[in-house]
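Enquirer: Dropping a prediction and its sequence here:
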Amino acid sequence: MQALNDAGIRRDRIVIYHIYNYGDTPEVFLQRIRHILELGCTSYPMRYIPLNAYFKDRYIAPGWTRAQLEMVATARRVMGSHGAFPPRKAIVEKMTQAKTFEEAFQLVRHRIPEEQERLCRREK
């Protein structure tokens with residue numbers, strides 16, 4: 001990384017592509033993302049699909065579940081930027097402070113307080 005810095009290449013402009021759902025576990029995958037983000041680079045995870053697969057996104061590697069793979073796909077769309085996880089403060093904090101894979105990739109749905117919801121209904 002020092003050589004890149006010396007050459008004037010900013011870390012936040014570096015995108016690191018990496019495979020998941022192949023010979024890893026969700027926890028190892030999370031550690032990889034943490035490491036990339038801690039370097040200040042963008043993590044671009046790509047789901048492994050075997051070459052002989054008849055259907056896209058049906059392969060589930062040992063150690064993974066369909067729900068975990070869907071969590072990654074959803075997080076890439078919602079938290080990420082164009083399928084990647086840039087080293088933005090909120091993303092770095094969420095990934096590094098999470099105790100488990102599920103905690104890192106779980107999306108929190110905010111509920112509107114009931115009083116605000118009632119006020120919105122009255123205005124219509």
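Expert: Cool, the structure landed. Residues are numbered from 1 along each chain as shown.
Enquirer: Quick one: the helices in the protein, in order.
Expert: 2-6, 26-38, 66-78, 89-97, 101-105, 114-123 (DSSP state H).
Enquirer: which stretch in those is the model least sure about?
Expert: Per-segment mean pLDDT for those reaches its minimum on helix 114-123, at a mean of 63.
Enquirer: Disregarding residues adjacent in the polypeptide, which is nearest to residue 15?
Expert: Ranked by C-beta to C-beta, 6 or more residues apart in numbering and with sequence neighbours excluded, the top spatial neighbour of residue 15 is residue 42, at 4.6 Å. Just so you know, the C-beta spots here come from the backbone N, C-alpha and C atoms, and that holds for glycine as well.
Enquirer: Would you agree the one you found is in contact with residue 83?
Expert: No - using C-beta atoms under 8 Å, residue 42 makes no contact with residue 83, being 10.3 Å away.
Enquirer: Look at these two and report which has more neighbours.
Expert: residue 42 (23 against 11; other C-beta atoms under 10 Å).
Enquirer: re the thing from before, right, and the helices of the chain - which one's nearest residue 52?
Expert: For the helices of the chain, proximity to residue 52 was assessed by C-beta to C-beta; helix 66-78 is nearest, at 18.8 Å.
Enquirer: Which strands or helices does that closest one pack on?
Expert: strand 42-47, helix 101-105 (3 or more C-beta pairs under 8 Å, 6 or more residues apart in numbering; DSSP states H and E).
Enquirer: can you list contacts of the last one?
Expert: By that I understand helix 101-105. Here helix 101-105 makes contact (C-beta atoms under 8 Å, 6 or more residues apart in numbering) with 26-27, 29-30, 33, 68, 71-72, 74-75, 94-95, 98.
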